[in-house]
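*Asks:* Can you look at this prediction? I've put the sequence above it.
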Protein chains: 2
Amino acid sequence: MPAVPTARERARRELTADILTAARRQLAGSGAAALSVRAVARELGLASSALYRYFATRDELLTALIVQAYDDVADAVEAAVAPRRGASRRTRFTGGCRAFRAWALEHPHEYALIHGSPVPGYRGDEQTTAAGARVPLALLSVLEGMGAPAAPSRLAPQLAEGAARVAAAGGGEVPAALVVTAAQCWTALLGLVSSELFGQLANTFDPADAFADATIEALADRLGL
Amino acid sequence: MPAVPTARERARRELTADILTAARRQLAGSGAAALSVRAVARELGLASSALYRYFATRDELLTALIVQAYDDVADAVEAAVAPRRGASRRTRFTGGCRAFRAWALEHPHEYALIHGSPVPGYRGDEQTTAAGARVPLALLSVLEGMGAPAAPSRLAPQLAEGAARVAAAGGGEVPAALVVTAAQCWTALLGLVSSELFGQLANTFDPADAFADATIEALADRLGL
DNA sequence: CACTCTTGAGAGCGGCGCTCTTGTCACGGT
DNA sequence: ACCGTGACAAGAGCGCCGCTCTCAAGAGTG
């Protein structure tokens, strides 16, 4: 591969990026179910068959969008939890949670794509799982250096294994019991945001800002922050 | 309407039920995205156009399946939380949560249909929201007669409103602060099950039985059970 | 019996994902 | 400078899909 890419290579990269941009706009506008290769091609003034030179399948295009969405939300959350002068652990954690929810509210279709029901026969792709781990790991990183919870009851073997896998995946210096609690908080956060976005709170806590804030504070309490 | 239904009416009811049964089988087998009116018609030996006499649209068929799924899981949870001799509140609550998770694991596609990303432009149908409220109300009913949490700090207005709406919807004699906590536990339970089913726990707490049990016990703790 | 209203079948519309073929043009080696 | 290779866009086409329309047959009712 030459240091200076040929015109063809540049064109390919640019068109690939254009396809992704158009696809993302369609996704944001009408959701993943309505995203069609033909519509993207139309928007770009191409024959639909031409797109298959860049993405072999609709699922492949969707996968690229999934990775983009994971990275996008991870950027937002990582920025929110970054250590700052005078920012307590609790502030960083709740800020990260709030950033996560805010991103989800701004990008509902992208959120549904990555945290809703898996579209086809859900691919456990390496790329996507790695990208998907960034947000929970960012939230976990806030807890680094904390002691174990007050009552460090012995963990069930399955839980200890899970915590070990989290540690291996990058969850640095956090006691296993706290990792388990953090994972519970992570699923709770997902439940909060999914419930709000998918309409499970309709007719009850519907404008959910106060409910979300209270829930996030409760999570921080539970983590001993 | 005559007391004795005509042959045509009986036939219509039966065929409607058959359509739902076939559709449900397809849903359980391949998921909501793959459910097609034509395939259901094929399975029943009908022309696809004939099905439109019974369900005006694919969405209408899906809505019927949604209501069925809501009722199905509600039956399971209500049975699990029913008061029994010697069953403590805590046992009834955790049993209800476990029944919810068990139903979801047995019916992943139905679960995705009702708690995953809303399929089209999600209808806030009256029928579906009423059916969807049964499970959380069943879990809430376990808490009836309990006192308010230790620190009944004044609720934000939005939260008080939400709790009032829950009470109006059938959440009987439960203090508002406890209703809020219960709602948080409900979204946390949804997050737990969704995470497990949608693959968010892959590579960490993947065989999630121990994790789920620990999480459910933690919810019971939080409710003071 | 005549009538109406319901039902099921068939053809058909436009859209979808995806494949195959065809003509064209950029690239790299000689 | 030229020519062969390979990437490329386009078009036609396949089998699906949701949905509509029309039409013939049959059940229900006076």
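*Replies:* Noted; the coordinates are in hand.

*Asks:* now the helices: where do they sit in chain A?
*Replies:* In chain A, the helices defined using DSSP state H lie at A:7-30, A:37-44, A:48-51, A:58-81, A:89-106, A:108-115, A:126-141, A:157-168, A:176-197, A:209-222.

*Asks:* For chain A, list the residues in contact with DNA strand D, please.
*Replies:* A:Arg8, A:Ala11, A:Arg12, A:Leu15, A:Gly45, A:Leu46, A:Ala47, A:Ser48, A:Ser49, A:Ala50, A:Arg53 (C-beta under 7 Å from any atom of the strand). Glycine gets a C-beta too; all of them are placed from N, C-alpha and C.

*Asks:* out of those residues, what pair is the most spread apart?
*Replies:* Of all pairs drawn from the residues of chain A next to DNA strand D, the widest gap by C-beta to C-beta lies between A:Arg8 and A:Ser48 and measures 21.5 Å.

*Asks:* any weak-confidence spans in chain A?
*Replies:* A:1-5, A:119-124, A:149-152, A:171 (pLDDT under 70).

*Asks:* Which residues of it lie near DNA strand C?
*Replies:* Taking C-beta under 7 Å from any atom of the strand as the contact definition, chain A meets DNA strand C at A:2, A:6-8, A:35-39, A:48-49, A:52, A:56-59.

*Asks:* Kindly recompute the last result at 6 Å.
*Replies:* Within chain A, the positions lying close to DNA strand C (C-beta under 6 Å from any atom of the strand) are A:6-8, A:36-39, A:48-49, A:52, A:57-59.

*Asks:* Just put these in CSV and tack on neighbour count.
*Replies:* Converted to CSV, those look like this (neighbours: other C-beta atoms under 10 Å in any protein chain shown):
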residue, neighbour count
A:Thr6, 10
A:Ala7, 7
A:Arg8, 8
A:Ser36, 15
A:Val37, 17
A:Arg38, 13
A:Ala39, 15
A:Ser48, 13
A:Ser49, 10
A:Tyr52, 15
A:Thr57, 10
A:Arg58, 18
A:Asp59, 14
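
*Asks:* B:Leu139: which of those residues is nearest?
*Replies:* Nearest to B:Leu139, judged by C-beta to C-beta, of those is A:Asp59 at 37.1 Å.

*Asks:* how much space is there between the closest one and DNA strand D?
*Replies:* From A:Asp59 across to DNA strand D, the span is 15 Å (C-beta to the nearest atom of the strand, to the nearest Å).

*Asks:* and A:Arg12, what is it in contact with?
*Replies:* A:Tyr54 (C-beta atoms under 8 Å, 6 or more residues apart in numbering or on different chains).

*Asks:* Excluding chain neighbours, give the residue nearest to A:Val81 in space.
*Replies:* In space, and not counting its chain neighbours, A:Val81 is closest to A:Gly96: 3.9 Å by C-beta to C-beta, 6 or more residues apart in numbering or on different chains.

*Asks:* And for the residue most central in space within chain A, nearest residue in space, chain neighbours not counted?
*Replies:* Per C-alpha atoms, centre = their mean, the C-alpha nearest to the average position across chain A is that of A:Tyr70, at 4.1 Å. Distances taken as C-beta to C-beta, 6+ apart place A:Ala131 nearest to A:Tyr70, at 3.6 Å, with adjacent residues excluded.

*Asks:* same thing with A:Val174?
*Replies:* With C-beta to C-beta, 6+ apart as the criterion, A:Val174 has its nearest non-adjacent residue at 5.1 Å, and that residue is A:Leu143.

*Asks:* Then A:Gly116?
*Replies:* B:Ser117 (2.9 Å).

*Asks:* same question, A:Ala210
*Replies:* Take A:Ala210 and drop its neighbours on the chain: the residue closest to it by C-beta to C-beta, 6+ apart is B:Gln158, 3.6 Å away.

*Asks:* now swap in A:Arg165 and tell me
*Replies:* With C-beta to C-beta, 6+ apart as the criterion, A:Arg165 has its nearest non-adjacent residue at 5.2 Å, and that residue is B:Thr204.

*Asks:* so who does the residue in chain A that chain B sits nearest to touch?
*Replies:* Closest contact between chain A and chain B, by C-beta to the nearest C-beta, is at A:Gly191 (2.2 Å). Contact analysis of A:Gly191 by C-beta under 8 Å, 6+ apart lists B:Thr187, B:Ala188, B:Leu189, B:Leu190, B:Gly191, B:Leu192, B:Ser194, B:Ser195.

*Asks:* and which of those is nearest to DNA strand C?
*Replies:* Nearest to DNA strand C among the contacts of A:Gly191 is B:Ser194, at 26.2 Å by C-beta to the nearest atom of the strand.

*Asks:* Tell me how far the closest one lies from A:Gly191.
*Replies:* Using C-beta to C-beta, to the nearest Å, one gets 7 Å for the distance from B:Ser194 to A:Gly191.

*Asks:* again with A:Ala7
*Replies:* 50 Å.

*Asks:* Repeat that for A:Ala11.
*Replies:* 45 Å.
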